[in-house]
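Chemist: Sharing a model that was predicted from the sequence below.
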Amino acid sequence: MVAPQTAKWLTFSFIETGAVYAFGLAVITNSRWDVLATLQSTLHYEWARKYSSSLETRLRYTPSDVFETYPFPENSWGTTNPELAEIGERYHKHRRALMLRLWLGLTDIYNLFHDRDLTPAEVARVSKKPAEADAGYAGILQLRALHRELDEAVLAAYDWAGQVALGHDFQEVETLPENDRVRYTITPAARKELLRRLLALNHERAAEEKAQAASTPKTAQKPRAPKAPKPTSADELPDLFGIPVPAEIVQAPITSVRAWQDDVFRHPQSKRHAKLDESIYVRLWVHASLALQPEGLTGIELFNAFRLLLSPESRKLIASSGDSDGKKWSHSFDQPVSLLGFFSCLISLAQNREIERHTTDGKHVFRRTTGWHESPSDWVRADAEITQRALLDKALNDQLLPFIEPTPLVIKHVQDLERAFA
């Protein structure tokens with residue numbers, strides 16, 4: 001089961017287990033229809049809206065803050081709830097059939113779902129399928145009815161049926177932007193009451209877990225085996241790509257610039273692979289950059305190094321300081337990257353605890369928290385090392401300044417990254 005981590009609408013779907021998941025997906029390793037019904041319910045959505053962060057006006061679904069803290073109905077993970085499973089399956093299958101009929105994605109489907117002035121003509125306009133306008137319009141109305149039924153079933157699973165009047169209708173949600181705050185949802189009073197009950201249940205479960213942990217005797221831990229001594233010879237200490245590197249270079253951060261151009265430009269031993277997905281490339285590049293700087297990099301240092309990859313002119317300028325291998329590096333770089341994609345991936349790395357923030361000498365720096373996973377090629381590490389060393393090369397610094405001057409957008413992205421750790 002997956003859900004987009006950043007989206008206007010929080011939607012959960014089942015997909016094939018053989019799929020390769022994009023980096024921006026929350027993956028729930030569960031295939032039960034009753035669990036999907038709970039997660040797709042308005043109760044879970046309101047919990048997510050309350051306790052998740054946001055990107056602009058879009059919800060950022062953070063499993064550690066939302067999924068792991070959400071108080072599911074009693075025994076949700078022990079036994080299947082047949083009523084929830086039945087409505088969850090009907091809801092998912094109807095939505096999927098509607099998407100195929102209108103040839104629309106989830107965002108467009110839920111835009112129509114929440115359209116107070118929905119008509120068959122609007123369905124035809126969005127779907128570009130006039131022949132399916134009436135059937136599509138009826139399908140959206142049916143999806144609303146199924147959502148009401150799903151919410152009532154989840155309410156009953158908590159034994160709250162008849163205690164909270166959900167009042168599904170078109171409501172103005174005061175926490176959303178004024179130009180886009182109408183939703184087909186429960187009343188504000190119901191939302192506040194459900195959040196109050198869910199929070200109380202969360203506190204109750206937490207107290208039970210704490211009491212249980214306190215009453216459970218601790219088992220003696222086995223003594224850890226002594227760590228093997230670190231290798232010291234160049235032959236025993238390979239770098240991230242299996243190429244022997246002297247220990248003093250691996251263990252020391254980049255603090256000065258040597259005659260590095262020829263050495264680094266020639267470092268990759270293979271041709272570039274096919275273009276990587278932007279989020280995958282950025283993740284590998286960030287890990288490679290922070291591996292080169294064990295003391296950490298500031299947010300602006302990370303952004304500046306990455307910005308040098310964005311412009312063909314800056315890459316050409318860096319390459320001109322080397323030999324023919326420098327030109328080879330510059331011409332071979334055709335990886336699609338963007339500043340927004342870089343920022344979004346950094347936020348995901350922060351939320352997934354792959355990077356962490358430290359305060360050193362009064363400034364915030366970012367470091368890796370997880371082990372390195374070998375990249376598809378050593379070009380990624382070369383890209384990271386080349387851009388970092390270029391920033392440290394005083395001969396290049398003045399020439400590169402136009403490409404790394406702080407802009408309002410970059411400053412905002414750095415501030416937002418800092419807030420992700422607040």
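Modeler: That came through fine.
Chemist: so Lys129 makes contact with Trp103?
Modeler: Yes - at 6.7 Å, Lys129 counts as touching Trp103 under the criterion of C-beta atoms under 8 Å. Placement of C-beta: from N, CA and C, glycine included.
Chemist: quick one: which of these two has more around it?
Modeler: Lys129 (16 against 12; other C-beta atoms under 10 Å).
Chemist: ok, which stretches of the protein are strands?
Modeler: 2-4, 6-7, 25-27, 53-55, 58-60, 169-172, 182-185, 355-360, 363-368 (DSSP state E).
Chemist: Of those, which shows the lowest average pLDDT?
Modeler: Looking at those, the lowest mean pLDDT belongs to strand 53-55 (a mean of 71).
Chemist: still on that earlier bit, let's have the strands of the chain in TSV, adding mean neighbour count.
Modeler: As requested, these are arranged in TSV below (neighbours: other C-beta atoms under 10 Å):
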stretch	mean neighbour count
strand 2-4	20
strand 6-7	18
strand 25-27	17
strand 53-55	13
strand 58-60	19
strand 169-172	13
strand 182-185	19
strand 355-360	15
strand 363-368	18
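Chemist: any chance of the ones you listed in a markdown table, plus distance to Pro294?
Modeler: Shown next, in a markdown table, are the strands of the chain (distance: least, C-beta to C-beta, whole Å):
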| stretch | distance to Pro294 |
| --- | --- |
| strand 2-4 | 34 |
| strand 6-7 | 30 |
| strand 25-27 | 30 |
| strand 53-55 | 28 |
| strand 58-60 | 29 |
| strand 169-172 | 51 |
| strand 182-185 | 47 |
| strand 355-360 | 11 |
| strand 363-368 | 7 |
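Chemist: Minimum distance to Lys93: which of those has it?
Modeler: strand 2-4 (16.8 Å; C-beta to C-beta).
Chemist: Which strands or helices does the closest one pack on?
Modeler: strand 25-27 (3 or more C-beta pairs under 8 Å, 6 or more residues apart in numbering; DSSP states H and E).
Chemist: partner strands of the strand it packs on, parallel or antiparallel?
Modeler: strand 2-4 (antiparallel) (DSSP bridges).
Chemist: Residues touching the strand it pairs with, excluding its own?
Modeler: 10-13, 15, 21, 24-28, 39, 61 (C-beta atoms under 8 Å, 6 or more residues apart in numbering).
Chemist: try 6 Å this time
Modeler: Contact partners of strand 2-4, identified using C-beta atoms under 6 Å, 6 or more residues apart in numbering, comprise Phe12, Ile15, Leu25, Ala26, Val27, Tyr61.
Chemist: among the residues you listed, which two are most distant?
Modeler: Pairwise distances across the contacts of strand 2-4 (C-beta to C-beta) peak at 16.1 Å, for the pair Ile15 and Tyr61.
Chemist: Of these two, which one has the most company?
Modeler: Per other C-beta under 10 Å, whichever of Ile15 and Tyr61 has more neighbours is Tyr61, with 24 against 11.
Chemist: To Val35, which of the strands of the chain lies closest?
Modeler: Going by C-beta to C-beta, the one of the strands of the chain nearest Val35 is strand 2-4, 12.1 Å.
Chemist: Tell me how far the closest one lies from the chain's centre.
Modeler: 10 Å (C-alpha atoms, centre = their mean, to the nearest Å).
Chemist: Over to stretch 358-369?
Modeler: Distance, centroid of stretch 358-369 to centroid of chain: 22 Å (C-alpha atoms, centre = their mean).
Chemist: export it as CSV, just CAs?
Modeler: Below are the C-alpha coordinates for stretch 358-369, written out as CSV (Å, rounded to 0.1, in the frame of the first residue of the first chain):
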residue,chain,number,x,y,z
HIS,A,358,24.3,19.6,14.3
THR,A,359,25.5,22.8,15.7
THR,A,360,29.2,23.4,15.3
ASP,A,361,31.0,26.6,16.2
GLY,A,362,27.7,28.4,16.3
LYS,A,363,26.5,27.3,12.8
HIS,A,364,24.2,24.5,11.8
VAL,A,365,25.7,21.8,9.7
PHE,A,366,24.1,18.6,8.2
ARG,A,367,25.6,15.1,8.4
ARG,A,368,24.6,11.7,7.3
THR,A,369,23.0,9.3,9.8
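Chemist: so who does Arg196 touch?
Modeler: With C-beta under 6 Å, 6+ apart, Arg196 has no contacts at all.
Chemist: In contact with Leu112, which residues?
Modeler: Leu118, Ile140.
Chemist: Recalculate using a threshold of 7 Å.
Modeler: Residues near Leu112 by C-beta atoms under 7 Å, 6 or more residues apart in numbering: Leu118, Val123, Val126, Ile140.
Chemist: Looking at these, which is nearest Tyr70?
Modeler: Ile140 (27.6 Å).
Chemist: hang on, isn't the closest one packed against Asp115?
Modeler: No - checked against C-beta atoms under 7 Å, the pair Ile140 and Asp115 is beyond contact range at 8.2 Å.
Chemist: More neighbours: which of these two?
Modeler: Ile140 (22 against 16).
Chemist: how far away is the closest residue to that one other than its chain neighbours from Met99?
Modeler: Using C-beta to C-beta, 6 or more residues apart in numbering and skipping residues adjacent in sequence, the residue nearest Ile140 is Leu112, 5.1 Å away. Distance of Leu112 to Met99, computed by C-beta to C-beta, to the nearest Å: 11 Å.
Chemist: repeat for Ala3
Modeler: According to C-beta to C-beta, Ala3 stands 16 Å off from Met99.
Chemist: Leu36 now?
Modeler: 16 Å.
Chemist: who's more crowded, the two?
Modeler: Leu36 (24 against 16).
Chemist: which residues does that one contact?
Modeler: Met1, Phe12, Gly88, His92.
Chemist: Ala7 touches Leu55, doesn't it?
Modeler: No - the criterion here is C-beta under 7 Å, and Ala7 misses it with Leu55 at 9.6 Å.
Chemist: Correct me if wrong: Ala165 contacts Ala189.
Modeler: No - the criterion here is C-beta under 7 Å, and Ala165 misses it with Ala189 at 8.1 Å.
Chemist: Thank you kindly, that will do.
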